[in-house]
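Novice: give me a model of this one.
(2 chains)
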Amino acid sequence: MAMQPHSKKRVCYYYDSDIGNYYYGQGHPMKPHRIRMTHNLLLNYGLYRKMEIYRPHKATADEMTKFHSDDYIRFLRSIRPDNMSEYNKQMQRFNVGEDCPVFDGLYEFCQLSAGGSVAAAVKLNKQASEICINWGGGLHHAKKSEASGFCYVNDIVLGILELLKYHQRVLYIDIDVHHGDGVEEAFYTTDRVMTVSFHKYGEYFPGTGDLRDIGAGKGKYYAVNIPLRDGMDDDSYESIFVPIISKVMETFQPSAVVLQCGADSLTGDRLGCFNLTVRGHGRCVELVKRFGLPFLLVGGGGYTIRNVSRCWTYETSVALGVEIANELPYNDYFEYFGPDFKLHISPSNMSNQNTPEYLEKIKNRLFENLRMLPHAPGVQVQAIPEDAVNDESEDEDKVDKDERLPQSEKDKRITGDGELSDSEDEGEGRRDNRSYRAPQRKRPRLDKDATPAKDDAKAEDTKDDVKNISNMEEPKKEVPPNA
Amino acid sequence: MAANMYRVGDCVYFETSSTSPYQIRRIEELNKTASGNVEAKVMCFYRRRDLPNPLIQLADKHQMAQSEDSPVAMKLKKICLKTPIGEEQAAQAVLDPAIVAMEEESTDLPGTDGLAPKQRHQAKHRELFLSRHVETLPATHIRGKCTVTLLNETESLLSYLNKDDAFFYCLVFDPSQKTLLADKGEIKVGSRYQTEVTNLLKEGEEDSRCSSELETLVWTPAHGLSDRQIDQFLVVARSVGTFARALDCSSSVKQPSLHMSAAAASRDITLFHAMDTLHKSGYSIEAALSSLVPASGPVLCRDEMEEWSASEANLFEEALDKYGKDFADIRQDFLPWKTLKNLVEYYYMWKTTDRYVQQKRVKAVEAESKLKQVYIPNYNKPNPALVANAASAGKAAVLNGGTNGTAAVAPSLCASCQVTNSNQWYSWGPQHLQYRLCGSCWQYWKKYGGLKTAGVFGESETEAARTGRAEGEDTALSVSHRPHRCTVINCAKEFKLRAHLARHVATAHGGAGEGARPVMKTRAAFYLRASPFTRLARRLARALRRPRHYARSPFSPINLHQVKHECTIAMAGLGAGAEMRGAGPTGVPRVRGAVGAVATRLAVAMGTAAPRAQEWLTLTPRDRMPVPNHVAFPKPPKAPDGSLMYERVLSRAELEARRNEANAPPATLAPHAPPALKRRAYDDINGLDRGASGAAREVAAPPPAKRPNKHPAPMQRPSREQYAAMCARAQATGQPLPAHVFAHVNGKPTNLTGRGGRRHVISWMDAPDDLYFRATEVAKAARRTLSCGELRRGARAPWRAMRSAIIAASLGAVAGGAAGAGAVAAKAAGAGAGAGASGAAGAAPLQLVILD
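Specialist: Modelled structure (predicted):
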């Protein structure tokens, strides 16, 4: 889709020229070099000159312990390949050694990756930028006191923590092929961060991300997991991404978004098993960008490095709102992109095990969960100023979500008849026709160009079960759009 | 045809036994073997019927827990379903009381709510259990594709039932631990896992964060320059770089042409530097230009690619060859003056060079044996279970039924759907029950491992599974928990453990009698470590006087009590003296001393002065090399035209003739000699006879070949002469024998014509990778001339040439009557491993027959 000229944003990009030289070890699929390849492509595509380029500072131990435990960071700071033998016990404890090897400059690498995301978040907080990019970040598996899945320090959590200073609600979206378990776990019990992860599930690292994992305590319903099967292609990805994200935007109403752009969901990835093209992957960036919220883009997985750099280059161009040629420009690593030397890649002929019915069922289940959110749109008739404390929501937090709602609450959620529309149980075609047609009253909250999809599902969000059932029974009840 | 194209990652049916259901596997790798066959490395899915009983119960409970979103279900999700490893204790698997209670409440298979009983029954056939177990199977055994997906709670089981070849799984089975696990990670909750959420800044509260501390601006788009101006400046920067290279001596050596200098100056490092310069000079082209050409001369930016000298590059490639991509080691041993970062950066640039591309091509050729997909045509051969003539099926069954008198049901009925009309009938279930399945039910059975309907003829599904297994199925894991039934006719007693069954057979049916058929075949090779006492017992106990017999039929039970009894008596009575000595270890490790000492001793023996500076390390000059007094493989003389002349290898008859004149055949062997004169097809295969006779000539003629062992059985054999010539050629050129000499058997039963016209069918199922040694009468006779010790030694070390019988005789190991049998080579089979083959004193050709 061609980008509109008015979608041009102020983009800040974080990069340290040292990052490409960290080396996880022989045979290790994680290659920081891919970030440098992306950077060189950006320069030669002429995208470099269109962004603010920053070299991030190295995050300090103090900054990292905002999330991580002190002893874990202390351990990361002191471990080196030449003193590993002294740390046997701790290495086991912190899960450092196999997947997450000790390599030269490990701590610096973590500092740079975390430093970029933190600086980017601060940038967004200061409203000095609309979109920040840190391809060196996105290490979403790292836990509070444990390394996992090639990730040591969770730059995303650190970035989100920074964003939370200014934003009441932050949305985290993860399109890595692996589940974003580190981020989900960190914010599992809070309602201020919603984590949405699209990932391959079933006999796959890290094993978490079941549809039924929805958060705990206050954070119940604030973790959204979309378990997928092998062979996701562009069309099916979009068919699930668009409605889920639209619904999440509508019900959660975040004021900032973090998107983890793990490129291992691309076709032909060394570790992945999806069938997305660069275009389909970039489409997610485009869709999220349209909501016009402060937007932090981070990297993540991606183990076929030529495709990773293609993907992130394209996504940078999407963030910038610039079209770039399919022909790759000459650069230091040009030979990596043979034999076609093109930006875009073709999907493979692998079969897609995600049937439309399967995706539809998943979607419906998630919609049911999202309906449980206290921020149901019915409540929020008037736009809420960003960053302001939402009193209503706090009231609702006190309400036990497992209990029936008090009448007072129910009353708040009743919408006018005119807003009733068909349910999400409907077939595909109608939904596509109606997506992104936002009711008028929502507009003020969002950018003019953003066309958030808060289409049909409005009706059920009135939380009235009886009504839902009737909707399902009469799906053909057509309602004029924007009534 | 896409349907017959099998790719890595596909789930497929594998047929490993014609009577049992297909096995479901996922292709992990496809490898081309040297013989041109394709092997698939596959991951196993297990069916419900393959699981031990207690685990099936657990699986049911899990399913139930899944369907109900009860607190118990939540609990179950978290615990790992585990049964103790021991089979006996499995029944007492410790279960959460709550779960047990729940189990009692609802006996129905849940998750199948709303399903008809028949569907519920069939849904069980669609459930698989993932395992991490990987095995290798020939790709030709693939019988079609299927899909296996993780069951999602949103899906109904009906969606699987309505689709052919669709399976689901939710649990992971570990065959070695006998455990079932939910394949699920867990998000932990607690202060040790969650982060403290930062509070929103209050009104008027200052953020301590300051962007300037967190980042350094390197470039901003907010400048007055147009794209064109930037492009121009970049061109200028490159030209300055080119010029700087022209001025720089070291560069001009590396880049003799202007083109090369310009190319080097166009690398990204120059461009990045130009952008930095522009930024630092406040986006003023003028200022930037002047800083590109400071007083010290034009700026020269070189990256690692350019920085490295040719010799460093060579060192690097050499190091890469030696250490792989272990840059720390490379740095330490090859390029200590470089930093690790230098190395990594250089490595990634080096990958763009032609040198790397060439290397990659070599690697690509190597990787060709790894296939991405394979085409397997539809398998059309009729299944052996197919009843030959549908019309006469009933009659045949009656006849058969008459013979064993146990035909229980009208056999013209399908055991599953009870139709009477079908194009094809398959015999199914235990032989004596004479069950038949119609074509479609047979297909169902093969694919889903069960019958369409449960409880027909009162036969429960588990029993069906068991009977199927009794037919030689090798699902080792599942047999364990089911009763073992004695196979002796008119007995059919059941035992919990196989050991019990074995004891029963040994006692009730007589140990020496017909051995109990193995209830199951173990796939894994085993190794029997004989203790000194065991070895002693083998000699002492009368019951064990037939070691070869027992080796050949390892299933026949041995009465242990009797053996023990005999042993104790023998040991007490005979004082064990001589026999003990005979059985005890004879060899004492030789003490050779330090290498230096040996060298000195050798030097002294050679008559030279004791070497001081380790002269023994220098090579002996060729002319001073000791000449062996016997050359085992002398080079044949050269013909006038320069080709090597090979001695004609004697034919069988000639050999016999020679043997007869060399050694008067001993009386004991005489009866066996005539058959040896006739060549039999298999002689070439085991080569024993020839070995025996060849060796009999004491000093053997130059042997025709080195041992072409480890080759598959020859099917179309070349003639002896051809063969000898081929062997000699192979030996002369140092190459292995051409593959076509040995046709590959490829997993199909091989028929070897044996003595007396009896056919010996060796199914690959029975002997996967084993050797098969078929002993001829002569071999047997020869063996008899060997002592027990010799035989055993030979069996233990089958690669070693047997000592000639002469030596054996001098050692007094030959049984009295068999003396003078000539040099005989024979090996007794190791009990488990199948059999050995022979090597004669004269290094007669030895062939091992490997049945694939």
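Novice: and residue A:168, how many neighbours?
Specialist: The tally of other residues near residue A:168 (other C-beta atoms under 10 Å in any protein chain shown) stands at 19. From N, CA and C alone the C-beta is placed, and that goes for glycine too.
Novice: do you know how far it is from residue B:375?
Specialist: Remark: distance between residue A:168 and residue B:375 (C-beta to C-beta, to the nearest Å) = 59 Å.
Novice: cool, and residue B:20?
Specialist: 26 Å.
Novice: residue B:387 now?
Specialist: Residue B:387 is 32 Å from residue B:375, by C-beta to C-beta.
Novice: OK, contacts around the residue nearest to residue A:342 when sequence neighbours are not counted?
Specialist: Excluding its sequence neighbours, the residue lying closest to residue A:342 (C-beta to C-beta, 6 or more residues apart in numbering or on different chains) is residue A:326, at 5.2 Å. By C-beta atoms under 8 Å, 6 or more residues apart in numbering or on different chains, residue A:326 lies in contact with A:342-344.
Novice: got the residues of the stretch 301-450 of chain A near chain B?
Specialist: A:331-336, A:350, A:353, A:357-358, A:361-362, A:364-365, A:387, A:389 (C-beta under 8 Å from any C-beta of the partner chain).
Novice: from what I can see residue A:121 touches residue A:129, true?
Specialist: No - between residue A:121 and residue A:129 there is no contact under C-beta atoms under 8 Å: 10.5 Å.
Novice: touching the longest strand seen in chain B from outside, list them.
Specialist: Using DSSP state E, we find that the single longest strand of chain B is strand B:127-138. With C-beta under 8 Å, 6+ apart as the test, strand B:127-138 has contacts from A:203, B:14, B:16, B:24-25, B:28, B:37-48, B:50-51, B:59, B:63, B:148, B:151, B:167-175, B:180, B:183, B:746-747.
Novice: so for it, mean pLDDT?
Specialist: The average pLDDT within strand B:127-138 is 87.
Novice: would you turn the contacts of residue A:326 into JSON lines with pLDDT and secondary structure?
Specialist: Formatted as JSON lines, these follow (pLDDT from 0 to 100; DSSP: H, G, I helix; E, B strand; the rest coil):
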{"residue": "A:342", "pLDDT": "95", "secondary structure": "strand"}
{"residue": "A:343", "pLDDT": "96", "secondary structure": "coil"}
{"residue": "A:344", "pLDDT": "96", "secondary structure": "coil"}
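Novice: re the thing from before, of the residues of the stretch 301-450 of chain A next to chain B, which pair is most distant in space?
Specialist: A:335 and A:389 (55.1 Å; C-beta to C-beta).
Novice: and those two? Which one has more around it.
Specialist: Set residue A:335 next to residue A:389 and count neighbours by other C-beta under 10 Å: residue A:335 wins out with 16 against 13.
Novice: number of residues surrounding the closest residue to the more buried one other than its chain neighbours?
Specialist: Among residues not flanking residue A:335 along the chain, residue B:352 sits closest, at 3.9 Å (C-beta to C-beta, 6+ apart). A count of nearby residues for residue B:352, using other C-beta under 10 Å, gives 17.
Novice: just to be sure, residue B:352 is in a helix?
Specialist: No - under DSSP: H, G, I helix; E, B strand; the rest coil, residue B:352 sits outside any helix and is assigned coil.
Novice: distance check, residue B:141 against residue B:445.
Specialist: Residue B:141 is 18 Å from residue B:445, by C-beta to C-beta.
Novice: buried sites along the longest helix anywhere in chain B?
Specialist: Counting residues, the longest helix in chain B under DSSP state H turns out to be helix B:227-247. Buried residues in helix B:227-247, counting neighbours by 16 or more other C-beta atoms under 10 Å in any protein chain shown, are found at B:230, B:233-234, B:236-238, B:240-245.
Novice: tell me the one of these nearest chain A?
Specialist: Proximity of those to chain A (C-beta to the nearest C-beta) peaks at residue B:230, which lies at 5.8 Å.
Novice: how long is stretch B:287-298 from one end to the other?
Specialist: 14 Å (C-alpha to C-alpha, to the nearest Å).
Novice: same question but for stretch A:161-169, I mixed them up
Specialist: 11 Å.
Novice: contacting residues around it?
Specialist: Here stretch A:161-169 has contacts from A:66-67, A:118, A:121-122, A:124-125, A:170, A:191-194, A:252-256, A:258, A:294, A:296, A:386-390, B:195, B:197-201, B:207, B:209, using C-beta under 8 Å, 6+ apart.
Novice: out of residue A:121 and residue A:129, which sits in the busier spot?
Specialist: Each of residue A:121 and residue A:129 has its neighbours counted (other C-beta under 10 Å); residue A:121 has more, 31 against 24.
Novice: now check the strand or helix carrying residue B:374, is it near chain A?
Specialist: Applying DSSP states H and E as the criterion places residue B:374 in strand B:373-375. No - judged by C-beta under 8 Å from any C-beta, strand B:373-375 makes no contact with chain A; its nearest approach is 10.2 Å.
Novice: in that strand, what's buried?
Specialist: Result for strand B:373-375 [16+ other C-beta under 10 Å]: buried residues residue B:374.
Novice: do the same with stretch B:254-269
Specialist: Buried residues in stretch B:254-269 (16+ other C-beta under 10 Å): B:255, B:261-262, B:264-269.
Novice: which ones among the residues you listed also lie next to chain A?
Specialist: Okay, of those touching chain A (C-beta under 8 Å from any C-beta), that's B:267-269.
Novice: parallel or antiparallel, which strands does the longest strand seen in chain A pair with?
Specialist: Taking DSSP E as the criterion, chain A has its longest strand at strand A:193-200. In the sheet, strand A:193-200 lines up against strand A:170-174 (parallel), strand A:223-228 (parallel) (DSSP bridges).
Novice: single out the most deeply packed of those strands.
Specialist: strand A:170-174 (a mean of 28; mean count of other C-beta atoms under 10 Å in any protein chain shown).
Novice: got the CA positions of that one in PDB?
Specialist: Taking Å, rounded to 0.1, in the frame of the first residue of the first chain, the C-alpha atoms of strand A:170-174 are listed here in PDB:
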ATOM      1  CA  VAL A 170       1.200   1.000  27.100                       C
ATOM      2  CA  LEU A 171       0.500  -1.600  24.500                       C
ATOM      3  CA  TYR A 172       3.100  -4.200  23.600                       C
ATOM      4  CA  ILE A 173       2.800  -6.100  20.300                       C
ATOM      5  CA  ASP A 174       5.100  -8.900  19.500                       C
END
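Novice: next SSE downstream of it?
Specialist: helix A:181-186.
Novice: quick one: contacts of that next one?
Specialist: So helix A:181-186 is contacted by A:67, A:139-144, A:148, A:151, A:154, A:156-157, A:160, A:172, A:174, A:195, A:197, A:206, A:208-209, A:213, A:223, A:225, A:260, B:185, B:187-188, B:193-195 (C-beta under 8 Å, 6+ apart).
Novice: number of nearby residues for the residue lying closest to residue A:90 once chain neighbours are set aside?
Specialist: Closest residue to residue A:90 apart from its sequence neighbours, by C-beta to C-beta, 6+ apart: residue A:75 at 5.1 Å. Each residue near residue A:75 was counted by other C-beta under 10 Å, and the total is 20.
Novice: tell me the spacing between residue A:95 and chain B.
Specialist: Separation of residue A:95 from chain B (C-beta to the nearest C-beta, to the nearest Å) stands at 13 Å.
Novice: would that residue count as being in a strand?
Specialist: No - counting by three-state DSSP, residue A:95 is not part of a strand but coil.
Novice: what about the residue minimising distance to the centre of chain A, distance to residue A:261?
Specialist: Centrality entry for chain A: nearest residue to the mean C-alpha point is residue A:173, 1.9 Å, by C-alpha atoms, centre = their mean. Relative to residue A:261, residue A:173 is positioned 9 Å away (criterion: C-beta to C-beta).
Novice: what sits in contact with each of these two?
Specialist: Shared contacts of residue A:173 and residue A:261, counting by C-beta under 8 Å, 6+ apart, come down to residue A:284.
Novice: what about the strands in chain A?
Specialist: Counting by DSSP E, the strands of chain A are A:11-14, A:52-56, A:131-134, A:170-174, A:193-200, A:223-228, A:256-260, A:295-298.
Novice: would you list those strands in a markdown table and tack on mean pLDDT?
Specialist: Formatted as a markdown table, the strands of chain A follow (pLDDT from 0 to 100):
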| stretch | mean pLDDT |
| --- | --- |
| strand A:11-14 | 96 |
| strand A:52-56 | 96 |
| strand A:131-134 | 96 |
| strand A:170-174 | 96 |
| strand A:193-200 | 96 |
| strand A:223-228 | 96 |
| strand A:256-260 | 97 |
| strand A:295-298 | 96 |
